[in-house]
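# any chance you could fold what I've pasted below:
(2 chains)
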Amino acid sequence: MKLTRGQRVFTVFNFFILLGVCLITLYPLWYTVIASFSDPLAVSTGRVTVLPIGFELASFKKVFEMDNIWTAYGNTIFYAVVGTFINMVLTILGAYPLSKRRLRGRKLFMLFILITMWFNAGMMPTFLNYQDLHLYDTRAAILLCGAVDTFNVILMRTFFENVPDSMEESAKLDGANDWRILINIYLPLSVPAIATVTMYYFVGRWNSYFWSMLLLKDQNKVPLQVLLKKLIVEVSYTVNEAVDMSASVMTEQTIVYATIVIAVLPMLILYPFLQKFFVKGIMVGAIKG
Amino acid sequence: MTQTKRASFHKAWLGILRDKHLYLMLVPFLLYYIIFCYKPFGGLVLAFKDYKPLLGIAGSEWVGWENFQTFFTGPYLWRLIRNTLLLNIYNLIFGFPVPIILALLFNEVRNSKLRTLAQTISYMPRFISTVVIAGLVVNFLSPSSGVINTFIKMFGGEPIYFLTRPDFFRPIYVLQGIWAGAGFGSVIYYSSLCSIDTQLYEAVMIDGGGRWKQIWHVALPGLLPTIAIMLIMQIGNLMNVGYEMIILLYQPVTYETADVIGSYVYRLGIEQANYSLSTAVGLFNGVISLVLVTSSNYVSRKIGDVGIF
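Residues are numbered from 1 along each chain as shown, chains lettered A, B, ... in the order given. Below is the predicted model of the structure:
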């Protein structure tokens, strides 16, 4: 098909806008990476912009030497893996029965969980509830905090609803009970759905900081994000306010960037794999009525 | 009458017995909701009490509406409401259209490899945590070494300490939100663009319409239901702002424009341990949000069948 002049102009125009979008998206990450191994003096005097200046791994070495960052890393992995497992068990156990139209009281149960999306008790009552349950400053609190996300339950339920009823009926005739049917028939059929929801929970767990910050006092239990708040947000404010540009303050900048690189790296490596599932989830969410 | 009633009870009972395993599955699930979502509702009585940690919630003294009165007559009420609403309105004006435009642009790329690449890149910030984004913002805007100020100096300007300037807080907040969310936000629009019948585009082409005409007469009208629903949902959330981001970016000098209801609730409750007042402010916000969300939800159900909740 021959393109008219107008169409060609349009294509070129569109290309450049999207190129701009990609550059704007990537630039902060690019800058972080080049600043992390550039010469600290060049970074703190603002000479690094598009390309790295010098090559130094001293900042990374400093970050690797920090004990607390590895403890926090380990904590994050623990909370994300175990927490996501709890998320999935509870979500599947909730979504499966709720996907059955024949279930008596289904509407009532749905209302019961939907209400929590519209109204919650708020920060202090929720916080005091954890104290009340003796969960303050425990790892269990972090695992149980947000153990079910109502939006994900709805996603999962929609997936289950799309499995044809005939599968269940024939299994019933063979004498299988509901647990059997869920584990042997529904779960294998919903692997893409389970992967999607798992990713949602996992990324959410990995990146969350707020409730971990509120609920944990012991620094040996805090996840990476809470520590990062100290290392890259609060430190930077003090650097900004420091009048004298002593050597330690100058290297501080590259350490901050190196810390960000180390913190973001696993997510960005997993990103190409996760991305597909994320997009799928949004589509299903949009289809449901 | 009683006979039919008894018969229907009997039927219901049989249904419950038949599905006993399904109910069993629901037990841990519902327990979570009861313990972690419904039980804290009891704590809302704090809003009507003068909470003393030593006395506990039950032992603390009732004070009626005093906490609400303190808040309503205090100096911060209007500042908090104004900041909360303005951040959302700016977000609506500047942030809301971006994912729509992005989706339209993606849709116009004929080369599917290029398109996928651009989409993959633009979704990336969705996977970066609030803390890291805040860290990037703080460091990039630093007056001494931040890269934004480096560029300003390069073009002969004076460095600005952005994060201490109340007039810059709103643009900063809205821009970081666009950077972090616009790409991924385009997915929902892009997926509804994909479901538009290609014959419609062809029809415009046969009538001699170019790409702009196709966008204007086919793509945009096709997106309209999705746009309407997303807009209504955003309006339903007018009283909620991402305070988890705000508490990382604001400072006492920028409270004037940065402090929102959510961050105030956090500061009162966690930092100042004024549990009762914090709960009262939270409850006030929650009730208004509830009204907004349920009415926006009602409207979206009336308009179309895409309403998510």
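
# could you pull out the buried residues of stretch B:153-167?
B:159, B:161-164 (16 or more other Cβ atoms under 10 Å in any protein chain shown). Quick note: C-beta positions are derived from backbone N, CA and C, even for glycine.

# from the chain's centroid, how far away is that stretch?
Here stretch B:153-167 is found 29 Å from its chain centre; the criterion is Cα atoms, centre = their mean, to the nearest Å.

# what does that stretch rub up against?
For stretch B:153-167, contacts defined as Cβ atoms under 8 Å, 6 or more residues apart in numbering or on different chains pick out A:46, A:49, A:237, A:240, B:137-138, B:141, B:143-144, B:148-149, B:152, B:168-169, B:172, B:249, B:251, B:253-254, B:256-258.

# C-terminal to the helix or strand bottoming out on mean pLDDT in chain A, what's the next element?
Least confident helix or strand of chain A, by mean pLDDT, DSSP states H and E, is helix A:235-241 with a mean of 64. Using DSSP states H and E, the helix or strand that follows helix A:235-241 in sequence is helix A:247-287.

# B:Thr70 - how many residues pack around it?
Using other Cβ atoms under 10 Å in any protein chain shown, B:Thr70 is surrounded by 15 other residues.

# returning to that earlier point: how about the buried residues of stretch B:153-167 in a markdown table, adding secondary structure and pLDDT?
Formatted as a markdown table, those follow (DSSP: H, G, I helix; E, B strand; the rest coil; pLDDT from 0 to 100):
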| residue | secondary structure | pLDDT |
| --- | --- | --- |
| B:Pro159 | coil | 89 |
| B:Tyr161 | coil | 91 |
| B:Phe162 | helix | 93 |
| B:Leu163 | helix | 92 |
| B:Thr164 | helix | 91 |
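
# which regions of the chain sit below the pLDDT cut-off?
All of this refers to chain A. A:1-3, A:236-251, A:281-289 (pLDDT under 70).

# switch to chain B, that's the one I care about
B:1-2, B:304-309.

# let's see that with 80 instead.
B:1-5, B:208-210, B:300-309 (pLDDT under 80).

# quick one: buried residues of stretch B:41-52?
B:41, B:43-49, B:51.

# how far away from the center of its chain is that stretch?
Put simply, stretch B:41-52 sits 27 Å off its chain's centre (Cα atoms, centre = their mean).

# and if you look at stretch B:144-153?
Centroid separation for stretch B:144-153 versus its chain: 31 Å, with Cα atoms, centre = their mean.

# send the alpha carbons of it over as CSV?
What follows is stretch B:144-153, C-alpha atoms only, in CSV (Å, rounded to 0.1, in the frame of the first residue of the first chain):
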residue,chain,number,x,y,z
SER,B,144,24.3,21.1,44.6
SER,B,145,24.7,18.0,42.5
GLY,B,146,21.3,17.1,41.1
VAL,B,147,21.2,16.5,37.4
ILE,B,148,18.2,18.8,36.9
ASN,B,149,20.1,21.7,38.4
THR,B,150,23.1,20.7,36.4
PHE,B,151,21.1,21.3,33.2
ILE,B,152,19.7,24.6,34.6
LYS,B,153,23.2,25.8,35.3
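
# who's in contact with the closest residue to chain A within chain B?
For chain B and chain A, the shortest gap (Cβ to the nearest Cβ) falls at B:Gly43, measuring 2.8 Å. Shown in contact with B:Gly43 (Cβ under 8 Å, 6+ apart): A:121, A:124-126, A:128-129, B:57, B:279.

# from those residues, which two are the most distant?
For the contacts of B:Gly43, the maximum inter-member distance is 13.2 Å, found between A:Thr126 and B:Ile57 (Cβ to Cβ).

# more neighbours: the two, which one.
A direct count of neighbours by other Cβ under 10 Å for A:Thr126 and B:Ile57 places A:Thr126 higher, at 21 against 18.
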